[in-house]
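Asks: Need a 3D model of the sequence below.
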Amino acid sequence: MAAAMGCGGDGGSGELPLADAGAAPDGEVAPVRVMPEVVADRLERPFDLALDDQAAYWTSVDGSLMKADKATRAVRLLMAPTLGAAAGYLALDRDDVYVSDGGRGLLLRVAKTGGAAHTVAQGASYASGVAVDDEAVYWADAGNSTTGWVARIAKADGSTTKLVQQRGVWRLVLAGRVLHWIGPGEVRALSLDAAPGTSPALVFDGSSIGGLAAVGGQVLVSDLHDDVIVASVAGQPAAALLGALHGPSALAADAQSVYFANGRDGTLCRAPLGGGAVEVLAEGSRAVAAVAVDATHVYWLEHGRTGGQDGRLLRLPRAAPALPPQLALETVVRGQHQPSALASDDTAVYWTTQLGAGAGAVMRADKAAPATASLLSGPGLSPVGLAVDATSVYFANTSTRTLHAVDKRGGASRTIAGVPLGPVLRPAALAVDDTSVYWLNQGESTRATGWVERVAKDGATSYRVAEMQGEPLDVAVRGSTVAWVNGQGLIARADLAAAAGDFTVVLTGGQPNALLLENDAVVFTDYRQGTLATVSLSGGAVRVLARDLAEPNFLAADAGHYYVTCVGDGTVVAIPRAGGQPRVLATRQDSAQAIVVDADHVYWVTRGSPSRDSGELVRVLR
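Replies: The predicted model follows:
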């Protein structure tokens, strides 16, 4: 019924293979793994979720409202998509579903049993959050740069009272008699018994609010930038509940536990409501939009790919056992700040770190003694891209607009190219061959001002292989051919013997993200379409090697497989060179980035949190 859960699952059962849970110690019984149940699939970008005793209800960004019977999983359309509509948040009372329509600025009511949608209120610039109690419906207008509000509509007579003026309000929740909402980087609260004109209280001032949920008189807030969940009672300032998470976003709670999605590693987790150890209940989830819990199950909505119909509604028993750790994974180095680029040779692995402008570094770890990392170059850099040859490591430094080389043994780096003038310099990937370094400038995001440049390793000569490129992202060189992808959906190549600026477009369309050159073909990931594919250097038909990957990111290869990091569900997969079913090497990876492979291991870096040093260098046996 469902597409496989995770990056390259089995395609039919909705289950993600357990790649490396390990065996139970002697004398112990391994925990039984309870797989998520797919309640509904093939959903087009589902957005918000609510439950009652009999059914689950959800909206989609196309303006539709759906209902699934909990017992039979029968799905019913309650409100069809409407031109110009953008259904958003929903709330339930005993008989009705209340839905905000951001596109048309409406608050709608639909009977749970079905029937026509009725307009409760109108006139919002962009209708957003909704909440309901026995007496009233509360809704919000996210507004524009200067307007916005939260209002109360009495059920008895339809009278409307503006409670507060505030722009950027999007989710509303009620905790007892206190109304809470998310604004720009904050959560505020207002008692429904407060005197008119009372200013709302600041409950939490965060970096990037991911979710808001209520249980009893308590409200929980997730901050996906600072990796925390905080709790507030009766509208008071929030206190820390859980920390060191992995991009917590949507969440829900019952009297015992809080359930939440980690956006960067694709996990659904459970923790005690009063704080404590975090347990992983499910992994491989794609862009969780909403979480809800009832007396028996926790439900969650996967948003799926933009433009695709791969969203899903899933559920697990609340008491499902936690998943075991991944015993086969080896964390080589911990405590890195947002590592991204990665390269290796026979004896060492090299990577870049970022810590704001001018505070990054190029790092090295010996494969024979992997737990010890050494500083190869920096700090004081903004390194982007990485490539190695027999003697040197090459990287671009965005803060100085220069291309550098440093000896593998360490020491001062030398500048081999720079761009003191000209268009905005935003380097991306690097590649090397026997004589040259190839580096990319993404240029301006609004215009095709990027380029591909070939620079002699001694810096003596250089020339632009191609100009007027739209944000080139990755580059590869093999023999006499250099190829690249750009952010405008193009794969191109150039013969190194050709004149500067003479290049050939191999493929247009999609969102190619990373590539490899192999003989007479390009192998590439497509971030938007969720594929690994290959196309001849002369163009022609694309052959798809693997589908249903969750935002495939970086790419590596050996003689038998391609290896792909998938940021959409936190997985790393191996795909046979001939194509076919991906094998999951790892799950729960916190925004996995660049990947390399040697004779024994597959290595990758996880980017981790932007606010703490949680990035890692990880490896697993091939």
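
Asks: what's Met66 in contact with, if anything?
Replies: Contacts for Met66 were tallied using CB atoms under 8 Å, 6 or more residues apart in numbering; they are Ala40, Leu43, Pro46, Tyr57, Trp58, Thr59, Ser60, Val75, Arg76, Leu77, Leu78. Where you see a C-beta, it was placed from the backbone N, CA and C, and this is true even at glycine.

Asks: so what's it bridging to?
Replies: Beta-bridge pairing of Met66 under DSSP bridges involves Trp58, Leu77.

Asks: circling back to that earlier point, of the contacts of Met66, grab the buried ones for ChimeraX.
Replies: To isolate the buried ones among the contacts of Met66 in ChimeraX, judged by 16 or more other CB atoms under 10 Å, type:
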select :40,43,46,57,58,59,60,75,78
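
Asks: same question for stretch 550-560, mean pLDDT?
Replies: Across stretch 550-560, the average pLDDT comes to 95.

Asks: Give the buried residues for the helix or strand bottoming out on mean pLDDT in the chain.
Replies: Confidence across the helices and strands of the chain bottoms out at strand 373-381, with a mean of 78, counting by mean pLDDT, DSSP states H and E. By neighbour count on 16+ other CB under 10 Å, the buried set for strand 373-381 is Ala373, Leu376, Ser377, Gly378, Leu381.

Asks: Please tell me how far the second one sits from Ser257.
Replies: The one in question is Leu376. According to CB to CB, to the nearest Å, Leu376 and Ser257 sit 45 Å apart.

Asks: Next: the last one.
Replies: Using CB to CB, Leu381 is found at 44 Å from Ser257.

Asks: Go ahead and measure how far the strand or helix carrying Ile575 is from the middle of the chain.
Replies: Using DSSP states H and E, Ile575 sits within strand 571-576. The chain centre lies 18 Å from the centre of strand 571-576; the measure is CA atoms, centre = their mean, to the nearest Å.

Asks: and the next element down the chain from it?
Replies: The next secondary structure element downstream of strand 571-576 (using DSSP H and E) turns out to be strand 583-586.

Asks: contacting residues around Ala599?
Replies: The neighbours of Ala599, taking CB under 8 Å, 6+ apart as the test, come to nothing; the list is empty.

Asks: With Ala343 instead?
Replies: Val349, Tyr350, Trp351, Leu386, Ala387, Val388, Val393, Ala594, Val596.

Asks: ok, now with 10 Å
Replies: Ala343 is in contact with 349-352, 362, 385-389, 393-395, 430, 432, 594, 596, 603, counting by CB atoms under 10 Å, 6 or more residues apart in numbering.

Asks: Quick check: beta-bridge partners of it?
Replies: According to DSSP bridges, the residues that bridge with Ala343 are Tyr350.

Asks: for the buried residues of strand 373-381, which one is nearest Gly84?
Replies: Closest approach between the buried residues of strand 373-381 and Gly84, by CB to CB: Leu381, at 48.6 Å.

Asks: my read: that closest one touches Pro427, true?
Replies: No: Leu381 is beyond contact range of Pro427, at 11.9 Å (criterion: CB atoms under 10 Å).

Asks: overlap in contacts of the two?
Replies: For the pair Leu381 and Pro427, residues contacting each of them under the criterion CB under 10 Å, 6+ apart are Phe395, Ala396, Asn397, Thr398.

Asks: Out of these, which is nearest to Val99?
Replies: Thr398 (44.8 Å).

Asks: Apart from its chain neighbours, what residue comes closest to that closest one?
Replies: Here the nearest residue to Thr398 in space, its sequence neighbours aside, is Ser382; by CB to CB, 6 or more residues apart in numbering that works out to 4.3 Å.

Asks: Quick check: that neighbour vs Glu471, distance?
Replies: Relative to Glu471, Ser382 is positioned 18 Å away (CB to CB).

Asks: what's the answer for Val228, then?
Replies: Looking at Val228 against Glu471, where the rule is CB to CB, the gap reads 33 Å.

Asks: So, low pLDDT: which residues of the stretch 251-400 of the chain?
Replies: Using pLDDT under 70 as the threshold, the predicted model of the stretch 251-400 of the chain has low-confidence ranges 306-307, 355-358.

Asks: whoops, the stretch 1-150 of the chain was the one
Replies: Counting by pLDDT under 70, the low-confidence segments of the stretch 1-150 of the chain come to 1-33.

Asks: That one: strands as residue ranges?
Replies: Under the criterion DSSP state E, counting those that start in this stretch, strands of the stretch 1-150 of the chain are mapped to 37-43, 46-51, 55-60, 65-69, 75-79, 87-92, 96-101, 106-111, 118-122, 127-132, 136-141, 149-154.

Asks: So for the longest one, what gets flagged as buried?
Replies: In other words, strand 37-43. For strand 37-43, by 16+ other CB under 10 Å, it's Val38, Val39, Ala40, Asp41, Leu43.

Asks: which of those lies closest to Ala541?
Replies: Proximity to Ala541 was ranked across the buried residues of strand 37-43 by CB to CB; first place goes to Asp41, at 29.4 Å.

Asks: how close does the closest one sit to Trp181?
Replies: 32 Å.

Asks: just Pro200 next, same as before
Replies: Pro200 sits at a distance of 8 Å from Trp181 (criterion: CB to CB).

Asks: Of these two, give the one with the bigger neighbour count.
Replies: The neighbour comparison of Pro200 against Trp181 (other CB atoms under 10 Å) goes to Trp181, with 27 against 22.
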